[in-house]
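Participant: have a look at this fold, sequence not included:
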Ligand SMILES: NC(=O)C1=CN([C@@H]2O[C@H](COP(=O)(O)OP(=O)(O)OC[C@H]3O[C@@H](n4cnc5c(N)ncnc54)[C@H](OP(=O)(O)O)[C@@H]3O)[C@@H](O)[C@H]2O)C=CC1
Ligand SMILES: Cc1cn([C@H]2C[C@H](O)[C@@H](COP(=O)(O)OP(=O)(O)O[C@H]3O[C@@H](C)C(=O)[C@@H](O)[C@H]3O)O2)c(=O)[nH]c1=O
């Protein structure tokens, strides 16, 4: 029996892992939420790793409030960069393999083709910069790591764009949604499956991977698709980002190329429409 520590245990992705953990009976999952394990507290991490044996750590803990991060960059860096560093240090000391989740927002969005693992990151907001710093810490400290960048996560858990749209459709007749930011919406449950597949396979192909559902759309098109599959009547207007003021800039294009993870781990890359249809079935 292998033991897997999951940090950020009450968050969206960790909750999706919980939903499917019963398919992996050879693993024992230990979830720690933010009050049980604060990843910015090195002492707490040390104590936990010293008093337990973990084979794997999946770091689902993060600061994910993209706009708020512009106003509190120290906290975003503390959690996304320093917290990741502390976990990597403890993982190295105790020979734990670390799976860390990062984001499409490490890219500036100036390209027009899907970003591969070789493309140069150049974040344009605090959240992206803090996540990139977390990646760098892990890469420099611990060989036995998998960093998985993903994009536009949604699921039945936590806060996400799909739930925001469904809520807005109850409260309003009309909304405006940006149509000049292009990406790939990703069902967090599919990411959870990919992560557990990596753990189950247990090979040594450590390093950086991209995972998302396939296909590229704007937030506007995603909103119209959500209202269509949920049969919600609401007037949705496409607008440029310049007409939707936010504290953080977001990449214009942040589609991820996913061939590497598909080839190395035989991970299925579903189209975003299929994934959204499956999500609807789960409601
Ligand atoms: N959501 C998305 O669209 C995307 C997310 N990602 C990445 O995927 C990963 C998972 O994201 P997701 O599940 O959606 O995020 P959530 O915000 O749902 O979950 C993050 C969890 O981390 C917890 N947390 C915050 N600070 C700490 C801390 N100091 N110590 C321990 N736990 C802490 C939060 O607790 P609390 O709520 O109590 O603060 C929350 O439960 C993250 O690394 C994120 O950057 C990548 C691309 C897209
Ligand atoms: C609610 C709303 C948002 N928008 C825009 C704002 C923004 O440009 C875009 C997405 O909005 P959100 O704030 O929900 O999503 P955002 O927090 O930007 O999502 C990002 O989160 C982080 C954690 C990631 O890592 C990214 O991959 C990505 O998922 O939609 C509208 O145009 N109209 C609306 O009514």
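Facilitator: That came in fine, so what should we check first? If you're wondering where the values come from, they're calculated on a predicted model, not measured in any experiment. Ligands and ions are numbered 1, 2, ... in the order given.
Participant: what about stretch 105-119, start to end distance?
Facilitator: 13 Å (C-alpha to C-alpha, to the nearest Å).
Participant: same thing with stretch 6-14?
Facilitator: Chord length of stretch 6-14, first to last residue, is 7 Å (C-alpha to C-alpha).
Participant: any idea which helix is longest in this structure?
Facilitator: If each helix of the chain is counted by residues according to DSSP state H, the longest one is helix 126-141.
Participant: which element follows the helix or strand hosting residue 198 toward the C-terminus?
Facilitator: According to DSSP states H and E, residue 198 maps onto helix 188-201. Next helix or strand after helix 188-201 toward the C-terminus (DSSP H and E): strand 207-210.
Participant: can you pull the buried residues of that next one?
Facilitator: Neighbour counts using 16 or more other C-beta atoms under 10 Å place 208-210 of strand 207-210 among the buried residues. Using the backbone N, CA and C atoms, a C-beta is placed for each residue, glycine as well.
Participant: ok, so of the residues you listed, who is nearest residue 2?
Facilitator: residue 209 (20.4 Å; C-beta to C-beta).
Participant: distance check, the spatially closest residue to the closest one that is not a sequence neighbour against residue 207.
Facilitator: Spatial nearest neighbour of residue 209, chain neighbours left out: residue 261 (4.3 Å); criterion: C-beta to C-beta, 6 or more residues apart in numbering. For residue 261, the distance to residue 207 equals 10 Å [C-beta to C-beta, to the nearest Å].
Participant: could I get the contacting residues of whichever residue of the stretch 1-150 of the chain sits closest to ligand 1?
Facilitator: Across the stretch 1-150 of the chain, no residue is closer to ligand 1 than residue 11, which sits at 2.2 Å (C-beta to the nearest ligand atom). Counting by C-beta atoms under 8 Å, 6 or more residues apart in numbering, residue 11 touches 60-62, 64, 157-158.
Participant: which residues in the stretch 101-250 of the chain form helices?
Facilitator: 126-141, 161-171, 188-201, 219-229 (DSSP state H, counting those that start in this stretch).
Participant: I'd like those as JSON lines, with distance to residue 80 appended.
Facilitator: Below are the helices of the stretch 101-250 of the chain laid out as JSON lines (distance: least, C-beta to C-beta, whole Å):
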{"stretch": "helix 126-141", "distance to residue 80": "4"}
{"stretch": "helix 161-171", "distance to residue 80": "20"}
{"stretch": "helix 188-201", "distance to residue 80": "18"}
{"stretch": "helix 219-229", "distance to residue 80": "23"}
